[in-house]
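Enquirer: make a model of this:
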Amino acid sequence: MIINLSKQRGFTLIEVMLAMAVFAIAGVALLGVADNNYRHISHLEEKMFANWVASNQLVEVSLDKTWPPKNNRKGKVEMAGRTWYWQQKVIKTATKELRAVNMQVRLNEDDELVNASLMTYLAQDKP
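Expert: Okay, the predicted model is just below:
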């Protein structure tokens, strides 16, 4: 019995190894993209919750009837399973009946950089 080797079909070892190398490189690139996407989504989620905390604190300030608003108030609030630290800064404006209130929110109390900062203006109620 004579076997004709020229008619056998299939991949050579070099072709299989080359295909595996291509898939391995593609897999590593895909994992890198997925990791980068996860980090960006986590950062956006953090910014969104920090903005919500700042917005809620500014609503509380606007509902408070004391004039002028207290400066440099600090506090913490729980939201989304995390503790957020906020600081309120009151800024004088050109008129005595108007104050700017800046609310800064941080994820860690000792952080220098803020996660969110919102500002609003409050007018003094006329009697």
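Enquirer: kindly list the longest strand within the protein.
Expert: Taking residue count as the measure and DSSP state E as the definition, the longest strand of the chain comes out as strand 82-92.
Enquirer: now for the next helix or strand after it, which elements pack on it?
Expert: The helix or strand immediately downstream of strand 82-92 is strand 98-106, counting by DSSP states H and E. Using 3 or more C-beta pairs under 8 Å, 6 or more residues apart in numbering; DSSP states H and E as the contact criterion, the neighbours of strand 98-106 among helices and strands are helix 13-63, strand 82-92, strand 116-123. C-beta coordinates here come from the backbone N, C-alpha and C atoms, glycine included.
Enquirer: what lines up beside strand 98-106 in the sheet?
Expert: Within its sheet, strand 98-106 is paired with strand 82-92 (antiparallel), strand 116-123 (antiparallel), according to DSSP bridges.
Enquirer: quick one: Val22 from Ala29, how far?
Expert: 11 Å (C-beta to C-beta, to the nearest Å).
Enquirer: enumerate every residue touching the residue lying closest to Asn71 once chain neighbours are set aside.
Expert: On the basis of C-beta to C-beta, 6 or more residues apart in numbering, the spatially nearest residue to Asn71 that is not a chain neighbour turns out to be Val90, at 4.3 Å. Neighbour list for Val90: 68-72, 99-102 [criterion: C-beta atoms under 8 Å, 6 or more residues apart in numbering].
Enquirer: among these, which one has the most neighbours?
Expert: Sorting the contacts of Val90 by how many neighbours each has (other C-beta atoms under 10 Å) puts Val101 first, at 22 neighbours.
Enquirer: contacts only, for that one.
Expert: By C-beta under 8 Å, 6+ apart, Val101 lies in contact with 58, 61, 69, 88-91, 119-122.
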